[in-house]
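Enquirer: here's a sequence, model it:
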Amino acid sequence: MKSAKCKYLILLVFVNFQLFSQSKFNSFLTSSDTLNVQRRNTIAISESAFVGLTLIGLNQLWYADFDRSKFHTLNDNDEWLQMDKLGHAFTSYQMGKHGAQLLNWSGVSQKNQLIYGATLGFGFLTAVEILDGYSEEWGFSWGDIAANGAGAGLYVGQELLWKEQRIALKYSFHQTKYAKLRPDKLGYGVLEEVLKDYNGQTYWLSVNIHDFFKDSKAPKWLNVAFGYGATGMVTGLKDIDNQLLTNIPRYRQYYLSLDVNLSKIKTKSPFLRTIFDIFNMIKIPFPTLEVSKKGSAFHLFYN
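Expert: So this is what the prediction gives:
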């Protein structure tokens, strides 16, 4: 369940803005064309404080409930049908994306955006992984590190190749019956289940059609999305699940759907562009085709 605590970080994206007049507010949200030292320094101080305080908080509030140990590794690659690994990749991608965009807002060069911004998620999650390594409950997972690298690499690679994000890593969630069976593992109530219940999570590669076919008449905001999920999991490993509830089959699910790239919606409002960009990490519900070992199914609106 290590990736569950990583997703708490995504909830911290929302920011309390100061009350400006509309013109000053829009000016504040508009990216700088040249290096704005004050903005850059503010971001550097704020991110350093955020990372430091979050690591201290995790160490005191999360890890304090479990026994400490010598640094050790853990091979958890077979757990949760790899849903936790996708959670790591998603968190690393989104933190890296928004880290780079904050530096772009301050006028930092693209090279430095990628070096110091896009690697923010990978660096932070690596620090969290080291804390895991000293916890008897978990351990340092090379699989998690690989997933963190994949998420950061998805962002950096596209910026280097295309100078735009043609493929976004997104997330959606629906409540399931399994959380009530193991609320200690899968969450008490919807707010915890969003973060912990892998049965209700789906991770998507959302591909913008117009970005790949520039001469097409496809709307610039229209994406096609390929999703992955899994169900029937009450703990990480199948043999443990079978000891607890032998009648629950666990299997992978694959999805094909449409999506909306909110950042492609035209608006003159910097405020709306900011809101669209924040919520663009969530897959928009659309008619969806599901394929699994149980066959295929059609959902009118899947989330």
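Enquirer: just checking, which helix or strand of the protein averages the lowest pLDDT?
Expert: Using mean pLDDT, DSSP states H and E, helix 2-7 stands out as the lowest-scoring helix or strand of the chain, at a mean of 56.
Enquirer: okay, and the closest residue to residue 198 other than its chain neighbours sits in which element?
Expert: Counting by C-beta to C-beta, 6 or more residues apart in numbering, the nearest residue to residue 198 once its immediate chain neighbours are dropped is residue 83, at 4.0 Å. No exception for glycine: its C-beta is placed from N, CA and C like everyone else's. The secondary structure element spanning residue 83 is helix 83-105 (assigned by DSSP states H and E).
Enquirer: could I get the CA-only coordinates of stretch 94-101 as CSV?
Expert: The C-alpha trace of stretch 94-101 is given here as CSV (Å, rounded to 0.1, in the frame of the first residue of the first chain):
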residue,chain,number,x,y,z
GLN,A,94,2.1,14.4,-12.3
MET,A,95,4.5,15.8,-9.8
GLY,A,96,7.1,16.2,-12.5
LYS,A,97,4.7,17.8,-14.9
HIS,A,98,3.5,20.4,-12.4
GLY,A,99,7.0,20.9,-11.1
ALA,A,100,8.2,21.8,-14.6
GLN,A,101,5.1,24.0,-15.2
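Enquirer: check which residues of it are buried.
Expert: Neighbour counts over stretch 94-101 (16 or more other C-beta atoms under 10 Å) mark 94-100 as buried.
Enquirer: contact partners for residue 149?
Expert: Residue 149 makes contact with 92, 122, according to C-beta atoms under 8 Å, 6 or more residues apart in numbering.
Enquirer: how close does it get to residue 84?
Expert: Here the criterion is C-beta to C-beta, to the nearest Å. By it, residue 149 lies 15 Å from residue 84.
Enquirer: can you give me the neighbour number for the closest residue in space to residue 230 that isn't next to it in sequence?
Expert: Distances taken as C-beta to C-beta, 6+ apart place residue 81 nearest to residue 230, at 3.9 Å, with adjacent residues excluded. Number of residues near residue 81 (other C-beta atoms under 10 Å) recorded here: 22.
Enquirer: same question, the one 3 residues further on
Expert: Burial of residue 84 is recorded as 24 neighbouring residues (other C-beta under 10 Å).
Enquirer: mind listing the strands for the stretch 201-303 of the chain?
Expert: 201-208, 222-231, 251-260, 286-292, 295-302 (DSSP state E, counting those that start in this stretch).
Enquirer: redo the ones you listed as a markdown table? Include mean pLDDT and mean neighbour count.
Expert: Below are these laid out as a markdown table (pLDDT from 0 to 100; neighbours: other C-beta atoms under 10 Å):
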| stretch | mean pLDDT | mean neighbour count |
| --- | --- | --- |
| strand 201-208 | 98 | 22 |
| strand 222-231 | 97 | 20 |
| strand 251-260 | 97 | 18 |
| strand 286-292 | 96 | 16 |
| strand 295-302 | 93 | 12 |
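Enquirer: so how far is residue 199 from the residue nearest to residue 230?
Expert: 10 Å.
Enquirer: need the overlap of contacts for those two.
Expert: When contacts are counted by C-beta under 8 Å, 6+ apart, residue 81 and residue 199 have 230, 233 as shared neighbours.
Enquirer: buried sites along stretch 163-173?
Expert: Judged by neighbour count (16+ other C-beta under 10 Å), stretch 163-173 contains these buried residues: 165-173.
Enquirer: make that stretch 44-52, sorry
Expert: Judged by neighbour count using 16+ other C-beta under 10 Å, the buried positions of stretch 44-52 are residue 47.
Enquirer: can you tell me what sits against it?
Expert: Taking contacts as C-beta under 8 Å, 6+ apart, the residues outside stretch 44-52 that touch it are 12, 99, 102, 120, 124, 127.
Enquirer: can you give me phi and psi for the last one?
Expert: Spelled out, it's residue 127. When quoted as degrees, to the nearest 10, the phi and psi of residue 127 stand at phi -60, psi -40.
Enquirer: before we move on, the earlier item: distance of the residue nearest to residue 198 from residue 117?
Expert: According to C-beta to C-beta, residue 83 and residue 117 sit 27 Å apart.
Enquirer: ditto for residue 36
Expert: Residue 36 sits 15 Å away from residue 117 when distances are taken as C-beta to C-beta.
Enquirer: again, but for residue 59
Expert: Distance, residue 59 to residue 117, using C-beta to C-beta: 25 Å.
Enquirer: sorry, back to before: from the chain's centre, how far out does the helix holding residue 83 sit?
Expert: With C-alpha atoms, centre = their mean, to the nearest Å as the basis, the distance from the averaged C-alpha position of helix 83-105 to the chain average is 6 Å.
Enquirer: now tell me what touches the helix or strand following that helix from outside.
Expert: On the C-terminal side of helix 83-105, the closest following helix or strand by DSSP H and E is helix 110-112. Counting by C-beta under 8 Å, 6+ apart, helix 110-112 makes contact with 103-104, 159, 163, all of which sit outside it.
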